[in-house]
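J.: heads up, no residue letters with this:
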């Protein structure tokens, strides 16, 4: 399996080289030259497997240059850190299913990819006898999951940018209380989009990137998406065996388009997905895009679901590549237009393709609180605000005859303020969060300026 850039300026790469490159050297995002497809019989066999074995079989299709025994060991070690035997259990609540993706070390779905990527990076650095400085931006959950995946790793430093005061208190503490010498937290005076822009600009400086051995931990790294494909197959198998339905609808709360793009890839591989519902909060650029082709910048609004407080969805470029029939020239032209005008427009045939791939909905803060409250009263089950957005959007866009799976992207204890507003009490904290406010913190406040961040990196990089 070889990998190419959405912008066409990178020679085909192996999986290992694609992982190490992160953001393509031409500024684009890496994708496989072709998406593997599976027959219904193959899918049936795969989706009956335990999660680690399923992950090995799916990831093997993309990581063809890693010896199978090593890949299996990396995967087994990665999912050995989870506190549920199924890794990603699917539970029936009310009339639909909840895919619980929060049983990893940081209680968020990002652990599914970042535990694997952390171990993969360590293997590649050791194999190549090299060093690595990880740079990433987070809207909340990616940062802590990346830090927990890489803390204490040999010959690796990690630098995570988060928007100062714009993540939940627990999300912040999960990052800043990790004081391993190889971990650097940077609180940016700005928004997540500012942090994401800074990361992309720094990776665009190829001399700086090479000199400091920079690598990406954000979902611009292809390995992240490969790992996320797995839980769509796993949940599909569970629900279809339970219901005997031929297809399943997934509702995905997303701001950066990575999680739902992993679902789209699963569907392209042959998984019978009826619909992919893109669930957004008031930062609704993706909902506007799906509903009427309006991919235009708006102002970032602070909401109760801060991990989705994003206007520029970095993984959107990968989908754009397929909308434009894999034409890198068109991708580059569209992105230049977006940089100049803040908008991209689409033709009628393109809009038809988009509507066949996705439906979308935007959920307000009041609706989020009402969903948490009402669902708790009906079932006794607490939703975090991001999952509540997915539940609300999923129910509004799925008929009663269609099995619906809503992705639960975080444990409710990570967002206790929103839960308290809805039900009047704080969710019970898991052991990993108990007493977290009393732990030592380390964090650097920094301006939202690429040169300032580069200067910090240069001083602290390996």
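T.: Perfect, thanks for sending it. Computed from a predicted model, the values in this text were never measured in an experiment.
J.: which helix is the longest one in the chain?
T.: helix 222-243 (DSSP state H).
J.: could you point out which element follows that helix?
T.: Downstream of helix 222-243, the next assigned helix or strand under DSSP states H and E is strand 248-253.
J.: ok and that following strand relative to helix 222-243, angle-wise?
T.: Here strand 248-253 runs at an angle of 130 degrees relative to helix 222-243 (axes from the mean of the first three to the mean of the last three CA atoms, to 10 degrees).
J.: Give me the contacts around the helix or strand that strand 248-253 is followed by.
T.: Next helix or strand after strand 248-253 toward the C-terminus (DSSP H and E): helix 258-268. Applying CB atoms under 8 Å, 6 or more residues apart in numbering, the contact partners of helix 258-268 are 35, 37, 109, 219, 224-225, 228-229, 232-233, 236, 250, 252-254, 273, 276, 278, 314-315, 318-319, 357-358, 407, 409. Where C-beta positions appear, they are placed from N, C-alpha and C, glycine not excepted.
J.: Now with 7 Å, please.
T.: For helix 258-268, the surrounding residues in contact (CB atoms under 7 Å, 6 or more residues apart in numbering) are 35, 109, 219, 224-225, 228-229, 232-233, 250, 252, 254, 273, 276, 278, 315, 318-319, 357, 407.
J.: on that earlier part again, I'd like the distance from the longest helix of the chain to the chain centre, please.
T.: 14 Å (CA atoms, centre = their mean, to the nearest Å).
J.: Equivalent analysis for stretch 53-71, please.
T.: 20 Å.
J.: Tell me which residues of it come out buried.
T.: 54, 55, 56, 57, 58, 59, 60, 61, 62, 63, 66, 71 (16 or more other CB atoms under 10 Å).
J.: same thing with stretch 159-173?
T.: 159-164, 166-168, 170-173.
J.: who's in contact with it?
T.: By CB under 7 Å, 6+ apart, stretch 159-173 touches 133-138, 140-141, 143-144, 146-147, 175, 184-192, 195, 198-199, 302, 306, 309, 413-415, 433, 436-437, 445, 457.
J.: same thing with stretch 375-392?
T.: 93-94, 251-253, 279, 281, 304-305, 307-308, 363, 367-368, 371-372, 406-412, 414-415, 418-419, 423, 427.
J.: Now go through the residues you listed and say which are in helices.
T.: 367, 368, 371, 372, 418, 419, 423.
J.: Where do the strands of the stretch 1-150 of the chain begin and end?
T.: 3-5, 30-32, 90-93, 96-100, 132-137 (DSSP state E, counting those that start in this stretch).
J.: And the contacts of stretch 375-392, which of them are buried?
T.: 93, 251-253, 279, 281, 304-305, 307-308, 363, 367-368, 371-372, 406-412, 414-415, 418-419, 423, 427.
J.: With pLDDT and distance to residue 16 as extra columns, can I get the buried residues of stretch 159-173 in TSV?
T.: Supplementary listing: the buried residues of stretch 159-173 in TSV, determined by pLDDT from 0 to 100; distance: CB to CB, whole Å:
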residue	pLDDT	distance to residue 16
159	98	22
160	97	24
161	97	26
162	96	29
163	95	32
164	96	36
166	93	35
167	92	32
168	91	35
170	94	35
171	92	31
172	96	34
173	97	35
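J.: No more questions from me, cheers.
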